[in-house]
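Engineer: pasted the sequence and its predicted model underneath.
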Amino acid sequence: MEIKSVGVVGAGQMGNGIAHVMALAGFDVMLNDVSGDALEKARAIIEKNLDRQVSREKISAEERDTALARIRTTMELPDLGQTDLVIEAATEREEVKHKIFEGIVPHLKENTILTSNTSSISITRLASRTDRPEKFLGFHFMNPVPVMSLVELIRGIATDQETYEACLAVVEKLGKTAASAEDFPAFIVNRILVPMINEACYTLLEGVGNVRSIDQAMKLGANHPMGPLELADFIGLDTCLAIMNVLHEGLGDTKYRPCPLLSKYVEAGWLGRKTKRGFYDYRGDEPVPTR
Ligand SMILES: CC(=O)CC(=O)SCCNC(=O)CCNC(=O)[C@H](O)C(C)(C)COP(=O)(O)OP(=O)(O)OC[C@H]1O[C@@H](n2cnc3c(N)ncnc32)[C@H](O)[C@@H]1OP(=O)(O)O
Ligand SMILES: NC(=O)C1=CN([C@@H]2O[C@H](COP(=O)(O)OP(=O)(O)OC[C@H]3O[C@@H](n4cnc5c(N)ncnc54)[C@H](OP(=O)(O)O)[C@@H]3O)[C@@H](O)[C@H]2O)C=CC1
């Protein structure tokens with residue numbers, strides 16, 4: 001089955017990035033969110049990121065305009081029903097995702113493939129609550145989507161080969177590389193990456209280092225492009241905490257217990273860059289550490 005159109009649910013940082021790369025690769029995109037404000041913001045961010053690609057001569061002005069024209073936005077979930085592939089990229093909360101799938105299933109074409117960009121939640125469990133577990137896959141992009149070349153593809157227990165291959169062809173059309181992961185909590189990248197971020201939070205909590213020294217140590221000492229706390233702010237502290245909870249509950253090992261300091265930041269609504277405050281305060285000209 002050839003995929004020509006894509007529905008994206010959730011217009012946050014991942015949803016706007018997914019819409020961006022899909023449109024640039026020639027897919028017609030229908031982008032959905034519960035908030036009209038989020039949709040407007042997403043379009044502005046996509047435009048800015050495409051402009052940046054034009055100014056760096058990665059794409060032409062004509063390619064930018066064509067891509068923008070391919071993206072339509074809607075607050076009505078049923079409007080995504082006629083697309084060939086749906087990618088759910090809403091908040092990392094299982095009930096939210098189940099509700100979205102329940103809402104969209106009655107409106108889907110028979111052979112539409114349903115996928116989730118979840119960072120950690122069981123694909124098998126999400127699929128089991130839809131009418132098409134065999135046509136359901138984990139389609140996990142990395143942030144920032146226009147820059148990162150990996151997509152994890154996660155088969156649920158019932159996912160069929162045709163669905164996997166159709167999605168693999170989409171990843172190739174995007175010019176990205178797919179890594180196949182088994183359906184266990186947080187898959188490959190986040191199983192390794194997010195416990196490291198959680199450990200950086202404990203390192204901060206225990207006073208082994210402060211925000212700046214921890215980030216600098218990992219950037220200069222391990223050649224990471226971003227320090228772990230800077231990266232946590234970039235991902236979103238709510239998302240990091242949600243991933244740790246899925247690992248802790250799903251694997252039942254105390255080594256995955258979320259750091260209380262991470263929970264405290266989330267409880268404060270200090271979610272990182274998206275709320276302008278997390279381990280750094282982004283409200284001024286330069287990010288300032290909050291500890
Ligand atoms: C949580 C999950 O489920 C899974 C995840 O995604 S985990 C997170 C995975 N991501 C990472 O680990 C990212 C780590 N950080 C990095 O790789 C780098 O810091 C970075 C690529 C984000 C920025 O790199 P940098 O060298 O500091 O910045 P900069 O030189 O300005 O940008 C590099 C390129 O990225 C682009 N870019 C940077 N941020 C961008 C954004 N938010 N959106 C789009 N493009 C962006 C720039 O335009 C530039 O493009 P060109 O090379 O084409 O000119
Ligand atoms: N951040 C990251 O680095 C990565 C995240 N992911 C995964 O991608 C998904 C999205 O994350 P991210 O973009 O960072 O999160 P954001 O918080 O930036 O965006 C989530 C968006 O989904 C919207 N939303 C919430 N409920 C619904 C709904 N019922 N229908 C439609 N839209 C809804 C939110 O709206 P509102 O704000 O109004 O609630 C918000 O605009 C998560 O599953 C996350 O785990 C995957 C890879 C990397």
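Structural biologist: Cool, got the structure. Numbering: from 1, shown residues only. Ligands and ions are numbered 1, 2, ... in the order given.

Engineer: and T73, what element?
Structural biologist: If you go by DSSP states H and E, T73 is part of strand 71-74.

Engineer: do a quick rundown of the helices in the stretch 51-200 of the chain.
Structural biologist: Defined through DSSP state H, counting those that start in this stretch, the helices belonging to the stretch 51-200 of the chain, from first to last, are 61-70, 94-104, 123-128, 161-173, 189-205.

Engineer: turn these into CSV, columns for mean pLDDT, mean neighbour count and distance to ligand 1.
Structural biologist: (Each C-beta comes from the backbone N, C-alpha and C, glycine too.) As requested, the helices of the stretch 51-200 of the chain are exported to CSV (pLDDT from 0 to 100; neighbours: other CB atoms under 10 Å; distance: least, CB to the nearest ligand atom, whole Å):
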stretch, mean pLDDT, mean neighbour count, distance to ligand 1
helix 61-70, 98, 15, 13
helix 94-104, 98, 17, 14
helix 123-128, 98, 20, 14
helix 161-173, 98, 17, 15
helix 189-205, 98, 19, 5
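
Engineer: right, and the ones you listed - which one's nearest ligand 2?
Structural biologist: The minimum distance between ligand 2 and those falls on helix 94-104, with 4.9 Å, by CB to the nearest ligand atom.

Engineer: ok, and does that closest one reach over to ligand 2?
Structural biologist: Yes: using CB under 6 Å from any ligand atom, we find that helix 94-104 touches ligand 2 at V96, I100.

Engineer: any chance of the helices of the stretch 51-200 of the chain in TSV, with distance to A19 too?
Structural biologist: Formatted as TSV, the entries for the helices of the stretch 51-200 of the chain read as follows, by distance: least, CB to CB, whole Å:
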stretch	distance to A19
helix 61-70	9
helix 94-104	16
helix 123-128	21
helix 161-173	14
helix 189-205	21
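
Engineer: show me what the nearest residue to G278 once chain neighbours are set aside bridges to in the sheet.
Structural biologist: Computed as CB to CB, 6 or more residues apart in numbering, the closest residue to G278 that is not its neighbour in sequence is G272, at 3.4 Å. When bridges are taken as DSSP bridges, the partners of G272 come out as R277.

Engineer: alright, that wraps it up for me.
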